[in-house]
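[1] Sharing a sequence plus its predicted fold:
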Amino acid sequence: MSIDRAVMAFAGVMVLLSLVLSQLHSPYWLWFTAFVGANMLQASFTGFCPAAMVFKKLGFQAGTAFS
């Protein structure tokens, strides 16, 4: 799996998890959803993604977006 796909999968899981937690626990979990979305938006402009750096250190192969 490439870093690009790992980042997208991780972001998707975090969004879904925060939506479930907002329904089961507290609506304040929606702030986490907003954080994930904002991080994805800034990564699309800057190319800087902390999750991509972690996946790179874990040994995932480079993709086209995050190298």
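    Ah, there it is.
[2] which residue is nearest the centroid of this structure?
    Ala11 (2.9 Å; CA atoms, centre = their mean).
[3] which residues sit in contact with that one?
    By CB atoms under 8 Å, 6 or more residues apart in numbering, Ala11 lies in contact with 36, 39-40, 51. Yep, even glycine has a C-beta here, placed from its N, CA and C like the rest.
[4] give me that answer again for 6 Å
    In this structure, Ala11 makes contact with 36, 40, judged by CB atoms under 6 Å, 6 or more residues apart in numbering.
[5] In the chain, mark out all the helices, start to finish.
    Secondary structure of the chain (DSSP state H): helices located at 3-24, 30-46, 50-57.
[6] Turn those helices into CSV, columns for distance to Thr64 and mean pLDDT.
    Formatted as CSV, the entries for those read as follows, by distance: least, CB to CB, whole Å; pLDDT from 0 to 100:
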stretch, distance to Thr64, mean pLDDT
helix 3-24, 6, 95
helix 30-46, 13, 95
helix 50-57, 12, 93
